[in-house]
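Asker: could you look at this predicted model? Sequence included:
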Amino acid sequence: MRRSIVKKIKKTLNWESFTKNYQAKDGVNCRWRIAQRPVGNVQPEDFAWTEEPIPTPKDGEVLLETMYLGLAPVMRMYMMGTDRTGDKHQQIGDVIRGRGVAKIIESKHPDWKVGDIVQGSIGWQTYCVSSMTSQEKFFKVTTHDLPYSLASGVLGMNGLSAYAGFFICGEPRKDDVTVISGAAGGVGSLIVQMARITESKRVIGIAGGAEKCEFLKVLGCDETIDYKSESVPERLKELCPNGIDFYFDNVGGEILTACLENLAMNARIVLCGSISEYTRETPFGLTNYTRLRAVEGKMGGFFVYNHVHRWEEFTNKMADWIRAGKITPVQDIVQGFESMPAALSRLFEGKNVGVQCCQVRPEPVR
Ligand SMILES: NC(=O)c1ccc[n+]([C@@H]2O[C@H](COP(=O)([O-])OP(=O)(O)OC[C@H]3O[C@@H](n4cnc5c(N)ncnc54)[C@H](OP(=O)(O)O)[C@@H]3O)[C@@H](O)[C@H]2O)c1
């Protein structure tokens, strides 16, 4: 029933005409709230726009002005109330949870000053009052020589996900044959470059479409697989005749299955995400995990928020790699707070290249 209603509405509303109905402005707090639980990819009707007075900070709080917001597949789970992040599940009517970069414009907090640029849990809103508790995971942005937009992606939780998933959980080795799915996405585009840093023998990126595959070659892949037009099992056999040493999995489903069928001895698989499964009605059932046995392989997951204690180590290393040209940040920035819902939908349509973020206000002059 719900499904047919969604299909009907889809015919009448597209993202462009929906987004044009809204315009963020200063002097009022614009917010995106959950209007209904998404079915399939997010639809315009799943979002509600509200305009409210700018909140006033109390003692121990600051007022933040949003500059950038990051987009991540997990936000659809927040909207569904099904995420496993450990935070309270969101309800219909709630301001959608999310992280971004903001400037402190008023402070009644002893440790945070007006003018500080911070990144943390701001939510989908143009102003935010926060008591800056550890729950909201706020950090001062200290990389003033780099664009602040990076703090909503490559130098934010997206970058920490790649760093922790690859270096801490992945045990990468020199001369690995490394395969990465979702390779042109936010985390994936970093993993491709990290595999170059650890001197993989061969880096193979899997992505949807010829354009993305061409882009992956420029980024550092030796070979690519366009999963939308090629057979992944066949191409893996061709490209990895001695098997995969390291597979970084961003998508799960059939691509994970195909990689499990083609492992080298002592292969390692990192389960980062499974975006190909998120919008399915029936959960995907992995049946061939036992392929790990014969090759004495390891498959393990990780959760970025368990690695927040590595924040300083991660930002220092990532910023140095960027300055040294070892990592090229790939960011896909949409303009205007009103574009947030459309930007989230892009992730599930494969429209983004690199980290999807949204610029809410201009970069401050430095
Ligand atoms: N474990 C953790 O703590 C953690 C932290 C961050 C992110 N993650 C997960 O890591 C993955 C990557 O996250 P991200 O933020 O960097 O997102 P992302 O890769 O930028 O996500 C969007 C990309 O996913 C691909 N995609 C979408 N639907 C797909 C499908 N049905 N099959 C195959 N690919 C599909 C699309 O690329 P194509 O055009 O190539 O299809 C799209 O551009 C996600 O699964 C996310 O949930 C996990």
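Answerer: All right, it came through fine.
Asker: and the most centrally placed residue in the chain, what pLDDT?
Answerer: By C-alpha atoms, centre = their mean, the mean C-alpha position of the chain lies nearest to A72, the distance being 3.8 Å. The model reports A72 with a pLDDT of 97.
Asker: quick check: it touching L160?
Answerer: No. When contacts are counted by C-beta atoms under 8 Å, A72 is not listed as touching L160 (12.0 Å). (Glycine included, C-beta is placed from N, CA and C.)
Asker: run a quick neighbour tally on K212.
Answerer: Look at K212: counted by other C-beta atoms under 10 Å, it has 22 neighbours.
Asker: contacting residues for it?
Answerer: 183-184, 226, 350, 353 (C-beta atoms under 8 Å, 6 or more residues apart in numbering).
Asker: again, only using 7 Å
Answerer: Each residue near K212 by C-beta atoms under 7 Å, 6 or more residues apart in numbering is listed here: 184, 353.
Asker: and the host helix or strand of it, what's buried?
Answerer: Using DSSP states H and E, K212 sits in helix 210-219. Taking 16 or more other C-beta atoms under 10 Å as the neighbour-count basis, helix 210-219 is seen to contain the buried residues 212-213, 215-216, 219.
Asker: next one: stretch 306-319
Answerer: Neighbour-count burial for stretch 306-319 flags 307, 310, 314-315, 317-319 (criterion: 16+ other C-beta under 10 Å).
Asker: mind checking which of those land in helices?
Answerer: Mapping the buried residues of stretch 306-319 onto helices (DSSP state H) picks out 314-315, 317-319.
Asker: nearest to the ligand, out of those: which one, please.
Answerer: When those are compared for distance to the ligand (C-beta to the nearest ligand atom), F314 wins out at 13.1 Å.
Asker: returning to what we had before: for the buried residues of helix 210-219, which one is nearest the ligand?
Answerer: Closest to the ligand out of the buried residues of helix 210-219 is K212 (5.6 Å), distances taken as C-beta to the nearest ligand atom.
Asker: that closest one and N250: what is the separation?
Answerer: Note on K212: its distance to N250, by C-beta to C-beta, to the nearest Å, is 13 Å.
Asker: mind checking which helix or strand F246 is in?
Answerer: Using DSSP H and E, F246 maps to strand 244-249.
Asker: is the ligand within reach of that strand?
Answerer: No. Judged by C-beta under 6 Å from any ligand atom, strand 244-249 and the ligand are separated, with a smallest distance of 8.5 Å.
Asker: and that strand, what other elements does it pack with?
Answerer: strand 177-180, helix 253-260, strand 263-271 (3 or more C-beta pairs under 7 Å, 6 or more residues apart in numbering; DSSP states H and E).
Asker: contacts for the first one next, please.
Answerer: Strand 177-180 is contacted from outside by 188, 191-192, 195, 200-206, 240, 244-248, 259, 264, using C-beta under 7 Å, 6+ apart.
Asker: helices or strands next to the next helix or strand after it in the packing?
Answerer: The first helix or strand that comes after strand 177-180 along the chain, using DSSP H and E, is helix 186-197. Using 3+ C-beta pairs under 7 Å, 6+ apart as the contact test, the elements touching helix 186-197 are helix 157-163, strand 177-180, strand 202-207, helix 210-219.
Asker: again, 8 Å this time
Answerer: Helix 186-197 is packed against helix 157-163, strand 177-180, strand 202-207, helix 210-219, strand 244-249, strand 355-359, with contacts defined by 3 or more C-beta pairs under 8 Å, 6 or more residues apart in numbering; DSSP states H and E.
Asker: could I get these as JSON lines with mean pLDDT?
Answerer: Below are these laid out as JSON lines (pLDDT from 0 to 100):
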{"stretch": "helix 157-163", "mean pLDDT": "98"}
{"stretch": "strand 177-180", "mean pLDDT": "98"}
{"stretch": "strand 202-207", "mean pLDDT": "98"}
{"stretch": "helix 210-219", "mean pLDDT": "98"}
{"stretch": "strand 244-249", "mean pLDDT": "98"}
{"stretch": "strand 355-359", "mean pLDDT": "98"}
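Asker: P38 is nearest to which of those?
Answerer: Ranking the helices and strands packed on helix 186-197 by their distance to P38 (criterion: C-beta to C-beta) puts strand 355-359 first, at 16.7 Å.
Asker: most tightly surrounded among the helices and strands packed on helix 186-197?
Answerer: Counting by mean count of other C-beta atoms under 10 Å, strand 177-180 has the highest mean neighbour count of these, with a mean of 30.
Asker: dump the helices and strands packed on strand 244-249 into JSON lines; add distance to the ligand as well.
Answerer: Below are the helices and strands packed on strand 244-249 laid out as JSON lines (distance: least, C-beta to the nearest ligand atom, whole Å):
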{"stretch": "strand 177-180", "distance to the ligand": "10"}
{"stretch": "helix 253-260", "distance to the ligand": "7"}
{"stretch": "strand 263-271", "distance to the ligand": "7"}
